[in-house]
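In: give me the fold of what follows.
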Amino acid sequence: MRKIAGILIFCLIGIYQPELTAQEEITDGTRTFEENEKEYFFEKFLTARQHLKALKTGYLFVRLNTDSKRINFLKEKGKDKLAASLQEKVDKENQEIIAAMKVYYDFSKVYFYYESDSDKILKEKDYNALFDINKAPIQENILDIENNIYLLFYGSVPHLKWSSRKRFVVYSWNGNQVQPVDRLHYPANAYFNGDNITRYIKVMNRSFHRKT
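Out: Okay, the predicted model is just below:
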């Protein structure tokens, strides 16, 4: 009887395998959790750098917000003063973006378009809605600008759900899908007080040069 019990205990010990901890699961036995974490963020940094190298020889399409849905809603409700006030705020923001890009951005070629023309540009690929830094229609051959196009949105960062703060976010666009580029949003940290568009663009441009 004792012999049978001993055999059973031995079998149970052989079968039992303790669950791996989270750290053990993502290491290969020779690397620490911290080393794997560093590699993960380094790969993200390399991805951002690769995108920036492509952007440097490509084009940045800056989307200018229109807030047309909210403005039209206010007008429909008869709140014309509020609608006019919001329109004035949106126009001022867009003018500040264009002015700051003109003075402080020199990393790549840049064009602008209004949010209301997004489908025309991104789905129909009708680039006639684009305009340059001087608010003039583009003069280049349309076929010449269909490589290495990136988008810049001024809004919330997709993966920062807890923050509604507006930042400049870089998106890649392959002609079909629009995807945010990880680690390319400005300001990257939350230490900036208020919405200082000019400062954000200066920091962004300097960061682009430094990372390439």
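
In: residue boundaries of the strands in this protein?
Out: 59-64, 109-114, 149-155, 167-173, 178-186 (DSSP state E).

In: out of those strands, flag the one nearest residue 95.
Out: strand 59-64 (9.4 Å; C-beta to C-beta). The C-beta positions use only the backbone N, C-alpha and C, and glycine is treated the same way.

In: I figured residue 195 was touching residue 164, is that so?
Out: No. Taking contacts as C-beta atoms under 8 Å, residue 195 lies outside contact range of residue 164: 11.8 Å.

In: look at these two and report which has more neighbours.
Out: The neighbour count for residue 195 versus residue 164, taken as other C-beta atoms under 10 Å, is higher for residue 195 (13 against 9).

In: so who does the nearest residue in space to that one that is not next to it in sequence touch?
Out: Spatially, and ignoring its direct neighbours in sequence, residue 195 is nearest to residue 166 (6.1 Å; C-beta to C-beta, 6 or more residues apart in numbering). Contacts for residue 166 (C-beta atoms under 8 Å, 6 or more residues apart in numbering) come out as 154, 155, 156, 195.

In: neighbour-wise, which of those leads?
Out: residue 154 (22 neighbours).

In: bridging residues for that one?
Out: Counting by DSSP bridges, residue 154 forms beta bridges with residue 168.

In: surely it touches residue 100?
Out: No. With contacts defined as C-beta under 8 Å, residue 154 does not count as touching residue 100, sitting 10.8 Å away.

In: name the residues contacting each of these two.
Out: residue 197.

In: sorry, back to before: can you list the contacts of residue 166 in TSV and add pLDDT and distance to residue 50?
Out: Formatted as TSV, those follow (pLDDT from 0 to 100; distance: C-beta to C-beta, whole Å):
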residue	pLDDT	distance to residue 50
154	95	24
155	89	24
156	84	25
195	73	30
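
In: which pair in those residues spans the largest distance?
Out: 156 and 195, at 12.5 Å, using C-beta to C-beta across the contacts of residue 166.

In: which one of the strands of the chain lies nearest to residue 134?
Out: The nearest among the strands of the chain, by C-beta to C-beta, is strand 109-114 at 10.3 Å.
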